[in-house]
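**Q** Got a sequence here, can you build the structure:
(chains A and B)
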There are 2 protein chains.
Amino acid sequence: MHSNLPVDASRIAADIEALADITEPGRPWTRRAFSPLFLEGRAYVERRMRDAGLETHIDHAGNLIGRRPGKKGGGTLIIGSHSDTVPEGGRFDGIAGLIAALEVARSLADRGIELDHDLEIVDFLAEEVSPFGVSCIGSRGMTGQRPDAWLTRMADGRSLAAGITEVGGDVNAAKARTDIKGFLELHIEQGTVLEREGINIGVVTAISGITRIEIVIEGRADHAGTTVMPFRKDALVAASEIVLAIREAGLELSKTPGHFTATVGEFEIEPNAANVIPSRVRMLIDARAELREDMEVFCTHLDTIAARTAERWGVTIAAPVRISDVVATPCDPQVLAILEQAADGAGISHRRMASGAGHDTGWMAKVAPAAMIFIPCKEGRSHCAEEWAETDDIALGTAVLFEAVQDMDRRLSEES
Amino acid sequence: MHSNLPVDASRIAADIEALADITEPGRPWTRRAFSPLFLEGRAYVERRMRDAGLETHIDHAGNLIGRRPGKKGGGTLIIGSHSDTVPEGGRFDGIAGLIAALEVARSLADRGIELDHDLEIVDFLAEEVSPFGVSCIGSRGMTGQRPDAWLTRMADGRSLAAGITEVGGDVNAAKARTDIKGFLELHIEQGTVLEREGINIGVVTAISGITRIEIVIEGRADHAGTTVMPFRKDALVAASEIVLAIREAGLELSKTPGHFTATVGEFEIEPNAANVIPSRVRMLIDARAELREDMEVFCTHLDTIAARTAERWGVTIAAPVRISDVVATPCDPQVLAILEQAADGAGISHRRMASGAGHDTGWMAKVAPAAMIFIPCKEGRSHCAEEWAETDDIALGTAVLFEAVQDMDRRLSEES
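**A** Numbers count the residues shown, from 1 in each chain, chains lettered A, B, ... in the order given. Next up is the predicted model:
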């Protein structure tokens, strides 16, 4: 069906396979940011960048950059993703997008195509939560959005500032870039929408906002054998009702336009003893919304759920607390149209969808027109050893990336 | 109302207060079995036993015994409870019953009453879960029900056998007693039935059986942001439904005759990470039943709940596993009648009820006619610093104990 793609699927597969080999033995696929294995992986990527004719360097923020100068200059288009992984997972998460970007550079070179603008292939530093406890360190650093307070965070006996130096960056030279004219990132979907619907790629309309909300339920630690059923203040029973109500609210909001999810991911009970009625439950809710109004509706409903549950079970529940609250980042409408045209031109099926996960695109989109291409991944599995994407699917997404970069370059020239 | 009691409330209060003073400082009230404080508490109890004219010794099982020989012999009546506490709780749990028994001996002496049978006041060793991880060590030891395997259990660098030697016992001299003709124990209710109903004492019909059941729910650890709501296998959502169903089943069974409680006391989720859908929940259910048929109904219903929940949420739930299963121990019908007559004679209100908690009586009742007297405790609080019982209530229970012991002695003589 897509036999005449402008990119080489076998080259993509070979590079992804080579990076997969650079893993902690017996714990595939682990190559965490700042580790020796991470540097080994980057050395491989840098060699392949040079093989593709790119000029490589590490920027002040610790990002590995392969540069391809344009004919006219006047700004930079960036494509890329990340080579670091979560522990025990992530064979394609980040890697697929980085190698896709590298393949675009190779295909341009193969065809002798010169762009007007500079093109950079970027391996962003530490997109995943790093040992320093923070993520998207490279994309935030490149765009002047890395909090200064992060630099003194410690891991393995050294500060983040020192960690960035170790990978070749220099926080003292930090300067937010102003030359970026556009950004594109290919990534596995990490969900099942494309797979279930049999669609080749997702055109990502937004990086969902993430709100984390803590609820603490205070009941009473009575004797499990002697406290008769009607006179209990069981924090776990009350919490269970809240978990089900959150799931129901999330499901309803997911049926309306705009991506929405709600998950209770952290949940601990006290005293957690066989013969004692649970006295306390703490839960942390992860809610993600493409549309801010959905999040506000959810949070208001959560207040109601908490108050109603407290009254019904005779427990105490303080008003739910927003621990963190990041609004959604929309992708650029014009870039979305470019991606769709590129896909249509190559006969590649597509649909719009929001990203429920955070990505470097979320930070790049704050400073430049940006969008993402999602490709299907098997059963939506991600951040685990089972994570899998078919080479053919990656190649289709890379073909769209290849066409879109050239289109963005042309339009930028026409605009100027 | 009860101004002419045959026991001295102020003596009872003074002894309980004196024992309360023997606690880990700043951590009231802690006097765990086998600790130096425990031995200090026992030294006090032994002095008070001798003051009451009792002959004291430590039996092979580590129980402190104060003996009052009878006129005729031919068997022993035992009354008592325990002086050890759980950490940070237990000002009255065990202590009230031990001092009540001591007061019975004193009141008999004050009145020059001699029983036909020998009477023993017993401070059972380690009724609470001890540092060795087991409980009711003394009552099981006295009656030949202490598993030999327990003796090699270790705590604080020495075996239980050595621990029993330290408190004055001798496991090599172990011999189950055959002379016990009856047993009575006064104890705080550790529930709210007497307090709510305004009844002076509970006549305990049985020590409830305890069944512990483990349920493990296996879902799937997917990304919390990208996995759309309808296609999740959320182990916590499924587990929450089970918790509520268990509470409902427990409530229904508690409405039928026979004490019944069901509690999920232990509950852990994996991976317990904010951005990951819970993949696994393990819960431990503590179910207590006076009537075995209630427990069977509950366990059968639990199988149904597990199967139904697994199907509804697409998770895997193995058949619930009975980790431990102890059937209820009924108290002796004739002794129950004696207690009720004693209460009626003194104008003390009473009701029958089962004990939801385990007690030394549970083991003594296996070898001799036995029953318990419950007294009210404030708000049912127990095993915590707030545990409280009014001196007047303890005195009323002690008066019943005083009369019942004499009645049992008389009836035993008539029978023989």
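**Q** Is it correct that A:L336 is in contact with A:T205?
**A** Yes. A:L336 is in contact with A:T205 according to Cβ atoms under 8 Å; the separation is 6.5 Å. All C-beta spots, glycine's among them, are computed from the backbone N, C-alpha and C.
**Q** Which residues are in contact with each of the two?
**A** A:R352 (Cβ atoms under 8 Å, 6 or more residues apart in numbering or on different chains).
**Q** and A:R50, what is it in contact with?
**A** Residues in contact with A:R50 (Cβ under 8 Å, 6+ apart) are A:T56, A:G66.
**Q** What score does it have for pLDDT?
**A** The model reports A:R50 with a pLDDT of 98.
**Q** buried ones in the helix or strand containing it?
**A** Here A:R50 sits within helix A:36-51, counting by DSSP states H and E. For helix A:36-51, a neighbour-count test (16 or more other Cβ atoms under 10 Å in any protein chain shown) marks A:L37, A:F38, A:G41, A:R42, A:V45, A:E46, A:R48, A:M49 as buried.
**Q** Out of those residues, flag the one nearest to chain B.
**A** For these, the residue nearest chain B by Cβ to the nearest Cβ is A:F38; the value is 21.4 Å.
**Q** how close does that closest one sit to B:G362?
**A** Taking Cβ to Cβ, to the nearest Å as the measure, A:F38 falls 60 Å from B:G362.
**Q** got the contact list for the residue located most distally from the centre of chain A?
**A** Relative to the centre of chain A, and counting by Cα atoms, centre = their mean, the farthest-placed residue is A:T226 at 49.9 Å. Contact partners of A:T226, counting by Cβ under 8 Å, 6+ apart, are B:E189, B:Q190, B:G191, B:T261, B:S355, B:G356, B:A357, B:G380, B:S382.
**Q** what's the answer for A:G191, then?
**A** A:G191 touches A:G356, A:G380, B:H223, B:T226, B:T227, B:V228, counting by Cβ under 8 Å, 6+ apart.
**Q** Now restrict these to buried residues only.
**A** A:G356, A:G380, B:H223, B:T226, B:T227, B:V228.
**Q** Now the phi/psi pair for the closest residue to the second one other than its chain neighbours, please.
**A** To tie it back to what came earlier, the one meant is A:G380. Nearest in space to A:G380, with sequence neighbours left out and distances taken as Cβ to Cβ, 6 or more residues apart in numbering or on different chains, is A:T192 at 3.8 Å. With angles defined as degrees, to the nearest 10, A:T192 sits at phi -120, psi 10.
**Q** burial measure for A:T192, as a count.
**A** A count of nearby residues for A:T192, using other Cβ atoms under 10 Å in any protein chain shown, gives 19.
**Q** So what are the structural domains in chain A, by residue number?
**A** For chain A, the domain assignment from automatic domain parsing gives the residue ranges A:9-207+A:328-415, A:209-326.
**Q** Okay, buried residues for the longest helix belonging to chain A please.
**A** Identified as the longest helix of chain A according to DSSP state H is helix A:391-415. Applying a neighbour-count criterion of 16+ other Cβ under 10 Å, one finds A:392-409, A:411-413 buried in helix A:391-415.
**Q** before we move on, what about stretch A:266-275?
**A** Under 16+ other Cβ under 10 Å, the buried positions of stretch A:266-275 are A:E266, A:F267, A:I269, A:E270, A:N272, A:A273, A:A274, A:N275.
**Q** ditto for stretch A:175-182
**A** By neighbour count on 16+ other Cβ under 10 Å, the buried set for stretch A:175-182 is A:R177, A:I180, A:K181, A:G182.
**Q** ok, A:S349 - contacts?
**A** By Cβ under 8 Å, 6+ apart, A:S349 lies in contact with A:G198, A:I199, A:N200, A:I201, A:A343.
**Q** roughly how far apart are the first one and A:D393?
**A** Taking Cβ to Cβ as the measure, A:G198 and A:D393 are separated by 11 Å.
**Q** SS state for the residue nearest to A:E24 when sequence neighbours are not counted?
**A** Spatial nearest neighbour of A:E24, chain neighbours left out: A:T30 (4.2 Å); criterion: Cβ to Cβ, 6+ apart. Secondary structure for A:T30, judged by DSSP: H, G, I helix; E, B strand; the rest coil, is coil.
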